[in-house]
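Student: Here you go, sequence then predicted model.
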Amino acid sequence: MMKRSNNTALLVVDVQVDFCPGGNLPVPEGEEVVPVINRLMRHFRRIAATQDWHPRDHVSFASNHPGSSPFETIHTKEGEQILWPDHCVQGTAGSEFHPDLDTLPFDLILRKGTDPKLDSYSAFFENDHETSTGLHFYLEGLKIDTVYVVGLALDVCVFYTVMDALKLGYRSVVVEDACRGIDTPPGSLSARLDDMRKAGARILQAAAVEES
Ligand code: VGL
Ligand code: ZN
């Protein structure tokens, strides 16, 4: 088995208890990505994982906006904000990586969404599209020019991560069967896949990545 070259990194996005069935913001079949990612990781020399990592008073929680419900959109100073159930609260069981995810190969664990006033979907920038998470500097420092992106949710954090990666000039590959999406409203998942394809991402299945 060959590892991919040094200029390629695997980005493992938000494979956390709260995003899996039984969690507070479950992605359907979210846990099914775990064995696929565990296998894929053997093919990469560089692996960075993100954790959604919110304080209790986070702006994205419907519970912090009296009279609002999860999945509503509100307007804040920072722009539109989708409200979610409380999820991935720092230090809670739901914020942990899925227990079967092999975290030993992670070179970097990057926590995002820590600013109470600002959400952070992309692994590269917070939702003001301006505040860096530091990931770009890390990858740049390692001369990485190609990223493979996997994890949860395909139509939220994986999507924004891939779009930012492309804007930053990374060759970007989505490993589709190592991701699952929320797909609300229905159809948004395939629309986001089309958006990523049109923006220049390649969409591959894990078997193809492991064979090549
Ligand atoms: C995510 C909604 C809210 C994700 C994070 O990881 O896709 N989705 N926070
Ligand atoms: Zn979140």
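Tutor: Ah, there it is. Numbers count the residues shown, from 1 in each chain. Ligands and ions are numbered 1, 2, ... in the order given.

Student: For the longest helix that the chain contains, name the packing helices and strands.
Tutor: Using DSSP state H to define each element, the chain has its longest helix at helix 188-198. Under the contact criterion of 3 or more C-beta pairs under 8 Å, 6 or more residues apart in numbering; DSSP states H and E, helix 188-198 touches helix 159-167, strand 171-180, strand 202-204. The C-beta positions use only the backbone N, C-alpha and C, and glycine is treated the same way.

Student: Sheet partners, orientation included, of the last one?
Tutor: If you go by DSSP bridges, strand 202-204 pairs up with strand 171-180 (parallel).

Student: got the residue ranges for the strands in this structure?
Tutor: 8-13, 46-52, 73-76, 79-82, 108-112, 146-152, 171-180, 202-204 (DSSP state E).

Student: mind pulling up the phi and psi values for the residue sitting furthest away from the middle of the chain?
Tutor: Distance from the centre of the chain peaks at Gly67, with 28.8 Å (C-alpha atoms, centre = their mean). Main-chain torsions, Gly67, degrees, to the nearest 10: phi 90, psi -10.

Student: Next one, pLDDT for it please.
Tutor: pLDDT for Gly67: 94.

Student: What distance do you get for it to ligand 2?
Tutor: According to C-beta to the ion, to the nearest Å, Gly67 stands 21 Å off from ligand 2.

Student: Could I get the strands of the chain in a markdown table, plus columns for mean neighbour count?
Tutor: Converted to a markdown table, these look like this (neighbours: other C-beta atoms under 10 Å):
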| stretch | mean neighbour count |
| --- | --- |
| strand 8-13 | 26 |
| strand 46-52 | 24 |
| strand 73-76 | 11 |
| strand 79-82 | 14 |
| strand 108-112 | 18 |
| strand 146-152 | 25 |
| strand 171-180 | 23 |
| strand 202-204 | 15 |
